[in-house]
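A.B. asks: need a 3D model of the sequence below.
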Amino acid sequence: MSSLYSQPITPKTIGAVILAAGQSRRMGRPKMVLPWGRTTVIARVAEVLLAAGLAEVIVVTGGSYTDVETALQHLPVQTIFNPQYTNNDMLHSLQVGLGMHHENIQATVVALGDQPQIEIATVRSLVEAYQEIDSPLIIPSFNNRRGHPWLVSRTLWPDVFALHAPATPRDFLNQNVDRIHYITVTTPSILKDLDTPADYDRERPDFTG
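C.D. replies: Sure thing, here's the model as predicted:
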């Protein structure tokens, strides 16, 4: 048996893929690099995943990729460009990100680059559930609505790679609905992202110092 599956499951064998290849059409400006407190939207997402102890955080870029890379240059993350970003193909971005992972990564947390409301406690809950429960898919739920980020075991990555556009990550989840273990969270942050200027103005933190 490969040493990949004989290792203990720890945060150091769980990676993360941040989907950040969008074109920000509804925002009207590159949303990944908008200010968020002392940092930027995309850097905040990466910081939370790193703070949760995850290994090998991979950011899949597309629109405004040079600005995104600049915003992340102070963090120990990897970036990879999705050349198909103009197709708004989130599935391909996920495939690109998964394909970048080192072979010792047993599972990955899939996060949205425009979800700076992400909470460390939610990420840690995903990891803890994966460590304790025999399920290859762990998804947070708030008021019976599933959200992001979610965790997928390497055992299901072939199912992701087998899909093609116009399929989406949601189609992957729906195809594997019987394998999902839901964890209930008490925060609506898992349902929130930033699509429009109104979203940004409503959600961004007050920061004056």
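A.B. asks: who's the residue minimising distance to the centre of the chain bridged to?
C.D. replies: Nearest residue to the geometric centre of the chain (C-alpha atoms, centre = their mean): A111, 1.3 Å. Counting by DSSP bridges, A111 is bridged to I18.
A.B. asks: same question, G62
C.D. replies: S64.
A.B. asks: the chain should start at 516 in everything you say after this.
C.D. replies: Okay, using 516 as the starting number, the last item reads as G577.
A.B. asks: surely it touches L534?
C.D. replies: No. The criterion here is C-beta atoms under 8 Å, and G577 misses it with L534 at 9.3 Å. No exception for glycine: its C-beta is placed from N, CA and C like everyone else's.
A.B. asks: shared neighbours, the two?
C.D. replies: Residues touching both G577 and L534 by C-beta atoms under 8 Å, 6 or more residues apart in numbering: S608.
A.B. asks: pull out the buried positions in stretch 603-622.
C.D. replies: For stretch 603-622, the neighbour count (16 or more other C-beta atoms under 10 Å) marks 603-613, 615-616, 620-622 as buried.
A.B. asks: so which of those are in strands?
C.D. replies: Within the buried residues of stretch 603-622, residues falling in strands by DSSP state E are A622.
A.B. asks: any low-confidence regions in this structure?
C.D. replies: Applying pLDDT under 70 to the chain flags the ranges 516-527, 722-724.
A.B. asks: can you show me the strands along it?
C.D. replies: Assigned by DSSP E, the chain shows strands spanning 529-535, 550-551, 554-555, 572-576, 593-596, 622-627, 652-657, 660-661, 665-668, 695-699.
A.B. asks: between the ones you listed, which gets nearest to A713?
C.D. replies: strand 550-551 (16.1 Å; C-beta to C-beta).
A.B. asks: who's in contact with W665?
C.D. replies: 624-625, 641, 652-655, 688.
A.B. asks: for this protein, just list every one of the helices.
C.D. replies: Applying DSSP state H to the chain gives helices spanning 518-521, 556-566, 580-587, 605-615, 635-647, 672-676, 684-690, 712-718.
A.B. asks: okay, the angle between the second one and helix 580-587?
C.D. replies: Spelled out, it's helix 556-566. Taking axes from the mean of the first three to the mean of the last three C-alpha atoms, to 10 degrees, one finds helix 556-566 and helix 580-587 inclined to each other by 50 degrees.
A.B. asks: just the angle for helix 556-566 relative to strand 572-576, thanks.
C.D. replies: With the same axes, to 10 degrees defining the directions, helix 556-566 sits at 160 degrees from strand 572-576.
A.B. asks: I'd like to know which elements helix 556-566 is packed against.
C.D. replies: Secondary-structure packing of helix 556-566 (3 or more C-beta pairs under 8 Å, 6 or more residues apart in numbering; DSSP states H and E): strand 529-535, strand 572-576, helix 580-587, strand 622-627, helix 635-647.
A.B. asks: save the ones you listed as TSV, and put in distance to M547 too.
C.D. replies: Listed next are the helices and strands packed on helix 556-566 as TSV, based on distance: least, C-beta to C-beta, whole Å:
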stretch	distance to M547
strand 529-535	5
strand 572-576	8
helix 580-587	5
strand 622-627	10
helix 635-647	19
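A.B. asks: can you pull the contacts of the residue nearest to L569 when sequence neighbours are not counted?
C.D. replies: Closest residue to L569 apart from its sequence neighbours, by C-beta to C-beta, 6 or more residues apart in numbering: A531 at 4.7 Å. By C-beta under 8 Å, 6+ apart, the contact list for A531 reads 564, 569, 571-573, 623-626, 664.
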